[in-house]
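S.K.: 3D model of this:
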Amino acid sequence: MQFLPPEDAPKGEEGKNYLYTRVRLAWYYRPSDVSDRPVADSRLLLAAIYSEVCDINQLRAKCHVVHRDKISDLAGWKKRPDRFYFNRLFDPYIKKEFEIIQSRDVRNLPDNIRDVLTSRYEYVVAEKEVIPDLTDTVRLCDTCQDWCPSLDTVQCDRCKKFFHMRCVQPPLVAKPSRGYGWTCAPCSRRHEEEVDSHEIRHLTPVAVNKVKSNAPAARGRGRPRKDRSQAEKEENLPVKHFNMWPFRYFGQHTVAEDTLDPEDLIFPRTASRIGPKYQANVLPAPDPYNSSPDIEDRGNDSTVEVLGILNTFTESESDEIMKRLSNDENLKSSVDWLTEVVRRISEAAMDSSMNSVKMSIMRHEKWKAPSPYKDKDWNREEVVAFEDAIAHLGPELRAVRDEVASRSMAEVVRFYGHWKSMKLGEENQRRKTTGTPPKPVSLQYKTLAEANDGQRVGHSDDDSSIIAQPSKTPSCGACRTRDSKTWWKAPKGLPTNILCDSCGSNWRKYADLNVRPLREESVPSSKGRDKREGTPLAGPSMKRARSTPPPTISIAPQNRCLGCMKAGPPGKVLKCKKCQFRVHAGTCGAIVDPGSLDAWTCELCENEETMEASINPDCLLCPRAGNEDRRTAPWPPSDSFLRACKPTEGQGWVHVLCAVFTPELTFTNASRLRLVEGLNTVSRHKWSTKCCLCGEIEGAVIRCHDCPKEFHASCAWKQGHKFGFEIQPVKSSRRDTTITTTFKGETGCMNAIVSCVDHDHSKRDIYDICETNEGGETALQVYCRAYKQAPVGQAHGLLRKARRLDTILNIRSEAIPPTTPMPNSAGPECYHCRTLFSPAYYPLTDVPTLNGQHSSRDYWECHRCHFEKNETSGKTMGMMVS
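M.R.: Down below sits the predicted model:
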């Protein structure tokens with residue numbers, strides 16, 4: 001619309017020598033941006049009477065936007081690049097669409113108004129139901145022969161003549177209701193005479209036959225033309241503008257005479273919301289001279305609440321009181337603390353008890369319970385989460401509070417005020433030390449001839465939509481090509497997050513992607529069977545669609561996972577309804593019905609009601625928390641991933657991190673990460689080693705993958721160490737003895753690693769614990785299912801625990817492994833105690849003889865008798881209880 005010089009450029013002739021730095025752009029919307037209605041035509045736009053001043057470097061290219069009626073060959077127009085058209089207008093303020101017609105098509109107006117309208121504007125904007133009235137022939141009142149505006153006009157239902165509502169006798173106050181007609185006086189009298197004479201005959205409608213013609217059919221508007229010069233003429237057709245706009249509103253809420261005023265507003269309008277439907281019926285105000293004696297006069301001592309009387313104190317008295325209350329300068333500048341000081345001193349002064357004023361940590365507000373006048377200090381994690389939410393969501397504090405779950409809404413609001421003041425203070429202090437930053441120097445042309453040559457603005461080299469270094473094997477998310485000079489960022493909902501140059505340009509210009517369908521028969525089963533690019537796909541041939549609508553971009557509320565600090569939809573990232581703990585469902589082993597996502601609770605909150613496990617939520621592999629930490633509710637805190645805990649086989653609790661990254665531990669159900677087993681198999685070295693981060697010996701440590709440092713898993717998480725999974729390739733000779741798995745197309749042995757934050761991780765492919773594959777499974781899920789599943793199919797839980805204890809006690813090095821007896825009708829029976837019930841039966845080696853001959857019958861001993869016999873045989877036992 002307009003190129004603008006810098007804001008501080010002088011007006012008049014002097015400002016013409018300055019280079020343009022800004023540009024005023026008229027907005028056009030895509031139909032999919034303002035409604036959910038799918039539109040297959042990617043060249044169709046919605047006009048708007050809205051403009052915005054932008055930096056001139058934001059310009060990328062030039063395009064042509066023309067009204068539909070100006071295009072004679074629509075199909076040929078859409079084949080040319082950077083060509084768009086419109087036929088409707090969208091108003092972003094009243095959220096409504098209007099029709100656009102050419103101003104020369106408007107006929108139902110007086111000549112003076114129509115001449116002004118057509119001379120100023122190229123198009124007219126109006127409601128759809130008003131268009132037939134505007135394009136009709138001029139309507140004149142049959143009585144006064146003046147023009148009849150639509151709002152003050154009635155039409156006879158018989159003679160089809162128009163009348164002013166004031167010109168009929170008697171004058172009409174309002175138009176007939178919808179569904180009813182109106183007839184003028186002569187037609188009404190004529191109808192009464194016809195009824196009285198009984199000569200009314202209702203004519204039968206006769207179908208009108210169309211006259212056949214030998215002329216050729218008219219050429220369709222969408223039929224392509226080969227006349228390229230005609231298309232170029234349509235691009236350069238002159239369009240009339242008035243105050244930089246080619247259209248104005250002329251609908252049912254417009255007064256036609258106002259169009260003559262050049263200052264009249266051109267924007268769309270709606271009906272005024274006046275009347276009992278929108279306004280309240282307010283009672284009349286009371287008479288101030290005859291007030292009721294029962295009502296107290298406002299403003300007296302009995303109806304006024306004293307907020308403070310510090311204005312009656314002298315400056316020395318105020319300073320003395322402040323020194324006596326506190327010496328903290330930061331506290332004296334706190335608005336909350338000063339508000340409480342003013343209230344308490346004012347109450348004490350009125351009660352003559354100034355010496356009893358003390359500033360405790362609680363404040364008393366009317367109708368509220370006592371609360372701390374100063375919030376607890378925010379830690380670094382809370383401040384980072386708050387600033388990230390402000391940068392992403394803006395000042396929407398309710399949404400920000402969801403990101404900082406450990407704080408209440410009131411605390412977030414108060415901290416937002418302090419945070420803004422702190423930022424302003426930092427800026428003012430920076431200006432005091434360095435001075436006011438100088439204004440950028442505006443560039444000027446040296447001569448007037450150089451200014452007439454114009455100015456060139458190019459494509460920005462640092463475009464944020466261009467990916468400079470894609471992955472090792474980039475693949476376009478739409479056409480799946482792997483060769484492109486430039487790679488662009490892709491929208492959500494595609495197989496990959498990048499687009500090739502062709503698809504990226506189409507998406508940015510036309511919001512259109514020709515997505516290549518992904519077929520199951522075309523997916524390679526392994527890396528060695530990948531087809532080279534360009535090889536035709538196997539399977540039946542399918543006709544590719546010419547155009548695929550853009551992927552749906554979800555606008556549902558997002559939850560930020562505390563494990564990876566990335567946002568996701570509620571079905572993917574769960575949120576506890578009690579403690580507001582947020583985590584990926586696959587990382588905590590939760591399987592939730594889609595209809596009950598809002599009712600999900602974490603396992604610690606669920607245990608508070610069911611009491612199935614211990615009420616002490618401390619991790620058995622970590623140092624015990626102090627009493628001060630336990631006072632914070634909930635514990636463990638809900639703003640950390642360490643709240644993700646799982647019960648053990650002994651009804652204790654273990655962090656998910658500790659259970660996954662400790663090699664000795666397994667899960668009874670690896671898909672849900674339930675019942676951690678094997679705590680008694682953790683080596684004594686891990687229990688007795690000091691953590692290099694917290695200095696405590698209590699708990700079991702793990703070792704860094706890249707150095708000999710040893711630390712607790714929870715301490716490493718708090719210090720920001722790298723937790724993830726790495727896939728190592730396996731030789732073909734060892735594939736039969738090594739468990740392999742596949743994640744994101746990479747096959748090998750998956751290892752859980754923890755690396756110090758000081759090490760360089762850029763040269764290694766380490767998958768985060770919440771990183772998902774094509775099927776939506778997290779890396780932690782895939783690892784636990786392959787390597788952390790306990791052998792539940794071989795023995796039940798009690799027997800597995802007993803075998804682990806036997807391994808620790810070393811009492812079964814010479815014993816024969818338990819054998820499951822063959823089932824028979826009587827069942828196995830212990831030879832010593834004759835019991836029929838035991839978790840395991842052992843074959844009896846010293847079978848008794850009968851007359852010097854061995855019996856052919858098999859003899860068994862139960863697990864208890866077998867254990868007691870080994871104990872009495874002189875073997876020592878040692879046990880370590882964690």
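
S.K.: switch to C-alpha atoms for all contacts and neighbour counts from now on
M.R.: Will do.

S.K.: burial measure for the spatially closest residue to Trp147 that is not a sequence neighbour, as a count.
M.R.: In this structure, Trp147 finds its nearest non-sequential neighbour in Leu140, 4.5 Å apart by CA to CA, 6 or more residues apart in numbering. Applying other CA atoms under 10 Å, we find 20 residues neighbouring Leu140.

S.K.: And for the one 4 residues further on?
M.R.: Per other CA under 10 Å, the neighbour tally for Cys144 reads 11.

S.K.: follow-up on the earlier one: measure the residue nearest to Trp147 to Glu13 for me?
M.R.: For Leu140, the distance to Glu13 equals 51 Å [CA to CA, to the nearest Å].

S.K.: what's the longest helix in the chain?
M.R.: If you go by DSSP state H, the chain has its longest helix at helix 409-434.

S.K.: For it, enumerate the helices and strands it packs against.
M.R.: Helix 409-434 sits against helix 397-403, with contacts defined as 3 or more CA pairs under 8 Å, 6 or more residues apart in numbering; DSSP states H and E.

S.K.: Please identify the helix or strand for Glu317.
M.R.: helix 315-325 (DSSP states H and E).

S.K.: and that helix, how far out from the chain's middle?
M.R.: The chain centre lies 51 Å from the centre of helix 315-325; the measure is CA atoms, centre = their mean, to the nearest Å.

S.K.: where's the residue positioned nearest the centre of the chain relative to Pro495, distance?
M.R.: For the chain, Gln558 is the residue whose C-alpha lies nearest the centre (CA atoms, centre = their mean; 4.0 Å). When distance is defined by CA to CA, Gln558 is 20 Å away from Pro495.

S.K.: Same question for Asp402.
M.R.: Separation of Asp402 from Pro495 (CA to CA): 30 Å.

S.K.: repeat for Thr137
M.R.: Remark: distance between Thr137 and Pro495 (CA to CA) = 57 Å.

S.K.: before we move on, what about Pro92?
M.R.: Distance of Pro92 to Pro495, computed by CA to CA: 34 Å.

S.K.: one step back: for the residue nearest to Trp147, give me the pLDDT.
M.R.: In this model, Leu140 is scored at 89, pLDDT.

S.K.: next structured bit after the strand ranked longest in the chain?
M.R.: Scanning the chain for the strand with the most residues, using DSSP state E, yields strand 44-55. Next along the chain after strand 44-55, taking DSSP H and E as the criterion, comes strand 64-67.

S.K.: If you count neighbours, what's buried in that next one?
M.R.: In terms of neighbour count (16 or more other CA atoms under 10 Å), strand 64-67 has its buried residues at Val65, Val66, His67.

S.K.: got the contact list for it?
M.R.: If you take CA atoms under 8 Å, 6 or more residues apart in numbering as the criterion, strand 64-67 is touched by Asp82, Arg83, Phe84, Tyr85, Phe86, Asn87, Glu235.

S.K.: Kindly report the same for stretch 793-804.
M.R.: Gly678, Asn680, Thr681, Pro839, Ala840.

S.K.: May I have it as PDB, with CA atoms only?
M.R.: Once non-C-alpha atoms are left out, stretch 793-804 reads as follows in PDB (Å, rounded to 0.1, in the frame of the first residue of the first chain):
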ATOM      1  CA  GLY A 793       6.900 -66.700  32.800                       C
ATOM      2  CA  GLN A 794       9.400 -69.000  34.600                       C
ATOM      3  CA  ALA A 795       8.400 -68.500  38.200                       C
ATOM      4  CA  HIS A 796       6.100 -66.400  40.300                       C
ATOM      5  CA  GLY A 797       7.300 -63.400  42.400                       C
ATOM      6  CA  LEU A 798       8.000 -65.300  45.700                       C
ATOM      7  CA  LEU A 799      10.100 -67.900  43.900                       C
ATOM      8  CA  ARG A 800      12.100 -65.200  42.000                       C
ATOM      9  CA  LYS A 801      12.800 -63.400  45.300                       C
ATOM     10  CA  ALA A 802      13.800 -66.700  46.900                       C
ATOM     11  CA  ARG A 803      16.200 -67.500  44.100                       C
ATOM     12  CA  ARG A 804      17.800 -64.000  44.400                       C
END
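
S.K.: Now do that stretch: distance to the chain's middle.
M.R.: In terms of CA atoms, centre = their mean, the centre of stretch 793-804 is found 46 Å from the chain centre.

S.K.: Count the neighbours of Ser465 for me.
M.R.: Residues near Ser465, counting by other CA under 10 Å: 13.

S.K.: Then the one 5 residues further on?
M.R.: Neighbouring residues of Pro470 were enumerated by other CA under 10 Å; the total is 15.

S.K.: roughly how far apart are the closest residue to it other than its chain neighbours and Ala468?
M.R.: In space, Pro470 comes closest to Trp487 once its chain neighbours are excluded; the distance is 7.4 Å by CA to CA, 6+ apart. Separation of Trp487 from Ala468 (CA to CA) stands at 7 Å.
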